[in-house]
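Asker: Here's a sequence, model it:
(6 chains)
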Protein chains: 6
Amino acid sequence: MPYVNIKITREGGTTPEQKAELIRGATQLLVDVLGKNPNTTVVVIDEVDMDNWGVGGESITVRRKAGK
Amino acid sequence: MPYVNIKITREGGTTPEQKAELIRGATQLLVDVLGKNPNTTVVVIDEVDMDNWGVGGESITVRRKAGK
Amino acid sequence: MPYVNIKITREGGTTPEQKAELIRGATQLLVDVLGKNPNTTVVVIDEVDMDNWGVGGESITVRRKAGK
Amino acid sequence: MPYVNIKITREGGTTPEQKAELIRGATQLLVDVLGKNPNTTVVVIDEVDMDNWGVGGESITVRRKAGK
Amino acid sequence: MPYVNIKITREGGTTPEQKAELIRGATQLLVDVLGKNPNTTVVVIDEVDMDNWGVGGESITVRRKAGK
Amino acid sequence: MPYVNIKITREGGTTPEQKAELIRGATQLLVDVLGKNPNTTVVVIDEVDMDNWGVGGESITVRRKAGK
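Answerer: Okay, here's the model as predicted:
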């Protein structure tokens, strides 16, 4: 019954295949480490616009323009 | 002052009326069970793309195609 | 597969019976409004200390002392 | 390493400049109050449709129409 | 800069070693799938009491007693 | 009606006064930047054990022991 939420920035678009791999990998991690039942393990991926994500007091949009 | 977050998949689109009913029902539940003040009860509904939601290690997109 | 998160303040302690009723009610709401499968509906209740919850710029601890 | 999540309604659109100011201000708050390192402070802003946000058992869409 | 939140039930206690493995594995997953920088990948594990987690309209406490 | 969630590690304990200042400051930020109503602005602070928070693939417990 674990619930895994993965938040990433929307930078050019993460492909369905990459999302499927994140879901597969996160589910398998809970199986491997805690023996959890994959059928009741929920994984939700949130993609966040770069204007809406900040680190170091700056948005990712600003940081990317500055080559950070 | 309760905060309720409801995450559902975006499958053909939940109507404004259904969302209003989720908000009404969730608020009333907190009133009925815990006597909370509806005027300070916040309900937020997140709709998640089917590529972005996984169960059993698979995305909902894949599961729907397989009739799950 | 809905995921419902209910955040409430820890004020004298919500009983197991009340939590069970919140879980039952929230699950039933998703069944009634969106026809969701209760067996894959996850409900998580977070209880938050009154020092850690703020409204109107004040913690609930301070507001309760001021009779708010 | 703090993580700050700010959820606001999507009402006409919050500008990139306002989002940058929310990110700057939230980061500075953690520096000022807890001496946290801004370079590892993450701020994520979620904008929620007015149909998807409820208070007092009503969606913000309904409340705005009623002048609330 | 990804943020990963893993919510699990508190059932007898997940050991520090298991938590370290969840953190390592979740971080590595983001490196492998999306080439993310591990040094800015945040993983937060929430442990939830069994009274506070529900599936199928029942708390995990009730389900465990019923051998589910 | 904004909702602000601040997650910080539990390192020796953040005082009630510091939490009150985080609540005050976060609420004021939403007033200053977006003109939001402080009386319906909710701030929730989550304190997370150092074993349960990871960066760079390591828990904060491990990083603190290594002087990071």
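Asker: With adjacent residues omitted, what lies nearest to residue A:46?
Answerer: residue A:7 (4.6 Å; Cβ to Cβ, 6 or more residues apart in numbering or on different chains). Placement of C-beta: from N, CA and C, glycine included.
Asker: And for the one you found, the neighbour number?
Answerer: 21 (other Cβ atoms under 10 Å in any protein chain shown).
Asker: Can you tell me how far the residue in chain A positioned nearest to chain B is from chain C?
Answerer: Chain B sits closest to residue A:23 of chain A, with a gap of 3.1 Å, by Cβ to the nearest Cβ. Remark: distance between residue A:23 and chain C (Cβ to the nearest Cβ, to the nearest Å) = 12 Å.
Asker: try residue A:46
Answerer: Distance from residue A:46 to chain C, by Cβ to the nearest Cβ: 12 Å.
Asker: quick revisit: spell out the secondary structure type for the residue nearest to residue A:46.
Answerer: strand (DSSP: H, G, I helix; E, B strand; the rest coil).
Asker: Surely it touches residue D:45?
Answerer: No - checked against Cβ atoms under 8 Å, the pair residue A:7 and residue D:45 is beyond contact range at 11.5 Å.
Asker: how about the residues of chain A near chain D?
Answerer: Contact residues (Cβ under 8 Å from any Cβ of the partner chain) of chain A with chain D: A:7, A:48, A:51-59, A:61-62.
Asker: Next step: these restricted to helices.
Answerer: A:61-62 (DSSP state H).
Asker: Neighbour-wise, which one of the residues of chain A next to chain D leads?
Answerer: Result: residue A:54 is most packed of those (other Cβ under 10 Å), 29 neighbours.
Asker: Quick one, grab the pLDDT at residue A:61.
Answerer: As predicted, residue A:61 sits at a pLDDT of 93.
Asker: ah, wrong one, I meant residue A:67
Answerer: So residue A:67 comes in at 87 (pLDDT).
Asker: that older thread, among the residues of chain A next to chain D, which one lies nearest to chain C?
Answerer: Nearest member of the residues of chain A next to chain D to chain C, counting by Cβ to the nearest Cβ, is residue A:7, at 14.6 Å.
Asker: in a helix, that's where residue A:46 is, yeah?
Answerer: No - Residue A:46 is assigned strand when assessed by three-state DSSP, not a helix.
Asker: the longest helix in chain A is where?
Answerer: Max-length helix for chain A by DSSP H is helix A:16-34.
Asker: Help me see whether that helix makes contact with chain E, please.
Answerer: Yes - using Cβ under 8 Å from any Cβ, helix A:16-34 reaches chain E at A:18, A:21-22, A:25-26, A:29-30, A:32-34.
Asker: Take those residues and write them to CSV, including neighbour count.
Answerer: Formatted as CSV, the residues of helix A:16-34 next to chain E follow (neighbours: other Cβ atoms under 10 Å in any protein chain shown):
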residue, neighbour count
A:18, 15
A:21, 16
A:22, 27
A:25, 20
A:26, 28
A:29, 23
A:30, 24
A:32, 12
A:33, 20
A:34, 19
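Asker: coming back round to it: can the longest helix of chain A be said to contact chain F?
Answerer: No - against chain F, helix A:16-34 shows no contacts by Cβ under 8 Å from any Cβ, the least distance being 12.6 Å.
Asker: who touches residue A:23 in this structure?
Answerer: Taking Cβ atoms under 8 Å, 6 or more residues apart in numbering or on different chains as the contact definition, residue A:23 lies against A:43, A:45, B:54, B:57-59.
Asker: State the number of residues packed around the residue nearest to residue A:31 when sequence neighbours are not counted.
Answerer: Distances taken as Cβ to Cβ, 6+ apart put residue A:38 closest to residue A:31, at 5.6 Å, once the chain neighbours are dropped. By the criterion of other Cβ under 10 Å, residue A:38 has 16 neighbours.
Asker: looking at chain A, which helix or strand is least sure?
Answerer: helix A:60-65 (a mean of 92; mean pLDDT, DSSP states H and E).
Asker: gap between the residue of chain A closest to chain B and residue B:63?
Answerer: Noted for residue A:23: a distance of 11 Å to residue B:63, by Cβ to Cβ, to the nearest Å.
Asker: and chain A, which of its residues are near chain C?
Answerer: A:1, A:3, A:40, A:42, A:44.
Asker: so what's the residue nearest to residue A:64 when sequence neighbours are not counted up against?
Answerer: Take residue A:64 and drop its neighbours on the chain: the residue closest to it by Cβ to Cβ, 6+ apart is residue A:50, 6.6 Å away. By Cβ under 8 Å, 6+ apart, residue A:50 lies in contact with A:9-11, A:59-61, A:64.
Asker: now swap in residue A:14 and tell me
Answerer: A:8, A:45, A:47, E:34.
Asker: phi, psi of it?
Answerer: phi -80, psi 130 (degrees, to the nearest 10).
Asker: where's the residue of chain A found nearest chain D relative to residue C:64, distance?
Answerer: Residue nearest to chain D within chain A: residue A:54 (3.1 Å; Cβ to the nearest Cβ). Per Cβ to Cβ, residue A:54 is found 33 Å from residue C:64.
Asker: what's the answer for residue A:7, then?
Answerer: Counting by Cβ to Cβ - residue A:7 and residue C:64 are separated by 33 Å.
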